[in-house]
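Peer 1: Sharing a sequence plus its predicted fold:
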Amino acid sequence: MFYYRNILLVILCLCVIGCNPKPENTPDKSQNNENNTQQDNNTQEKKVEFTTISQGANCGHNEKKDYVITNEDEWKKLWAQVHANMEPKPELPKIDFEKETVIAVFKGQQSSGGHSINVAEVMIKGDACTTQVKEVNPDPGGMMSMGFCQPYHIVKVPKMEAKVSFKRK
């Protein structure tokens, strides 16, 4: 009896340790120092801090596409498209486009669950900005839901004039 209780206790501890949800609108790791977010024109590559605005597996955007949003009109259109299949629609988050830029990545419509997309890192070097995007696919033969999904990730970064490119991995 004592043996089974110890095994159950170990399993319970592992389950609790494995549960670590990340709520929306929280700063991603290493986002504490706003001084590192300012663009400078030297040749040293710098990490740009970003904050998740919204992320999920289901949205109204079915294309595999990346966006750099720099004004309110583009932002309203994108937000409406992302939430086209939701009722009630979430309120449009306020973005100060004088100080911030929105970056959005979409994996496109997938035929099963288990897919995700993540802005992993934003780096700036001179007048070029590279957004590293991580795509996750389900394991072949693994368990997954059999419904369509449209993974997406929307983040905000400090305003930048740099040309943004995307690298998916």
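Peer 2: Great, that's in hand. Keep in mind that what you see is a predicted model, and the values were worked out from it rather than measured.
Peer 1: continuing past the lowest-mean-pLDDT helix or strand in the chain, what's the next helix or strand?
Peer 2: Least confident helix or strand of the chain, by mean pLDDT, DSSP states H and E, is helix 2-18 with a mean of 55. Using DSSP states H and E, the helix or strand that directly follows helix 2-18 along the chain is strand 46-47.
Peer 1: Does anything pack onto that following strand? Which helices or strands?
Peer 2: In this structure, strand 46-47 makes packing contacts with strand 116-125, judged by 3 or more Cβ pairs under 8 Å, 6 or more residues apart in numbering; DSSP states H and E. For glycine as for every other residue, the C-beta is placed from the backbone atoms N, C-alpha and C.
Peer 1: Distance from the chain centre to the strand it packs on, please.
Peer 2: Relative to the centre of its chain, strand 116-125 is centred 8 Å away, using Cα atoms, centre = their mean, to the nearest Å.
Peer 1: who does that strand touch, helix- and strand-wise?
Peer 2: Using 3+ Cβ pairs under 8 Å, 6+ apart as the contact test, the elements touching strand 116-125 are strand 46-47, strand 100-107, strand 128-136, strand 152-158.
Peer 1: So Ala80 belongs to a strand, correct?
Peer 2: No: Ala80: not assigned to a strand; according to DSSP: H, G, I helix; E, B strand; the rest coil it is helix.
Peer 1: what about the nearest residue to Ser116 once chain neighbours are set aside, how many residues close to it?
Peer 2: Using Cβ to Cβ, 6 or more residues apart in numbering and skipping residues adjacent in sequence, the residue nearest Ser116 is Val136, 4.4 Å away. As a burial measure, Val136 scores 11 neighbours (other Cβ atoms under 10 Å).
Peer 1: can you check the one 5 residues further on too?
Peer 2: Burial measure for Gly141: 6 neighbouring residues, criterion other Cβ under 10 Å.
Peer 1: how near is the most centrally placed residue in the chain to Val48?
Peer 2: When Cα atoms, centre = their mean is applied to the chain, the residue found nearest the centroid is His153 (3.2 Å). Per Cβ to Cβ, to the nearest Å, His153 is found 15 Å from Val48.
Peer 1: and if you look at His115?
Peer 2: For His115, the distance to Val48 - Cβ to Cβ - is 26 Å.
Peer 1: No further queries at this time; thank you.
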